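Asker: can't give you the sequence, but here's the structure:
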């Protein structure tokens, strides 16, 4: 049983905005320190940024409007805590405490990911999808049921009828759809709105990739300041995660679908 939401879902819009702000931080600095939280809906987007980099509120507003459309933007930008900043002064070290679980993707999870992408590529609007064995549930906004039924004839489609979706119907928040992004690998840390020094990003990606390569569960834990995780320098784990994000097209693109 698995659920996927598409990039036009309000929670994913929040993740994408956070990712785009992290992308901007990496344009300013090769190794920035940043954490972003976004809450969006009903005409307003609130953005809180803790960072080592300098941003203008105009830069942030431009990102929000590009992704979410014309909307009121409320931005708070504060310096990263000095104790957290000091953790990275000398070497690349783990940026947080955490436990992490990588799980091999199931055929069901891969299948729903393909279905979600196919539907989104056609309609490009807010949607949510569930696959439980042979039971497929499609909630896709702004899509005629008769069209969806041509391809997914046995699916449960829009049980309450047609709907419009988006941030004028629902709110979105950063890292609220981790089940959609991480499948069975969900633990406590969120993937989005953080730089690569944060274990929530790098160690989650590393554990996911290792689980796919070895086809078995991977469980890891770390303490803030660790220089070695899973017998590897933390710098190696950051490099692996950086390559994964780069291949995805950056943090904003990564936020569209998560790990798979």
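Answerer: Yes, it's here. In this text, all values refer to a predicted model and were calculated from it rather than measured experimentally.
Asker: contacts and neighbour counts: CA atoms only from here.
Answerer: Noted.
Asker: residues contacting the nearest residue to residue 228 once chain neighbours are set aside?
Answerer: Among residues not flanking residue 228 along the chain, residue 234 sits closest, at 5.1 Å (C-alpha to C-alpha, 6 or more residues apart in numbering). By C-alpha atoms under 8 Å, 6 or more residues apart in numbering, the contact list for residue 234 reads 92-94, 226-228.
Asker: with residue 154 instead?
Answerer: With the criterion set at C-alpha under 8 Å, 6+ apart, residue 154 makes contact with residue 136.
Asker: which pLDDT value belongs to it?
Answerer: At residue 154, the pLDDT value in this model is 97.
Asker: same thing with the one 10 residues further on?
Answerer: Confidence at residue 164, expressed as pLDDT, is 95.
Asker: would you quantify the distance from it to residue 210?
Answerer: Relative to residue 210, residue 164 is positioned 39 Å away (criterion: C-alpha to C-alpha, to the nearest Å).
Asker: comparing those two, which residue is more hemmed in?
Answerer: Neighbour totals were compared for residue 164 and residue 210, and residue 210 leads with 17 against 14 (other C-alpha atoms under 10 Å).
Asker: quick check, that one in contact with residue 102.
Answerer: Yes - counting by C-alpha atoms under 8 Å, residue 210 touches residue 102, with 7.1 Å between them.
Asker: can you give me the helices in the stretch 1-150 of the chain?
Answerer: Per DSSP state H, counting those that start in this stretch, the stretch 1-150 of the chain has helices spanning 10-28, 57-68, 82-86, 107-123, 145-151. These are given in chain order.
Asker: tell me the helices and strands packed up against the longest one.
Answerer: Spelled out, that is helix 10-28. Contacts defined by 3 or more C-alpha pairs under 8 Å, 6 or more residues apart in numbering; DSSP states H and E place helix 10-28 against strand 34-41, helix 57-68, strand 172-173, helix 251-257.
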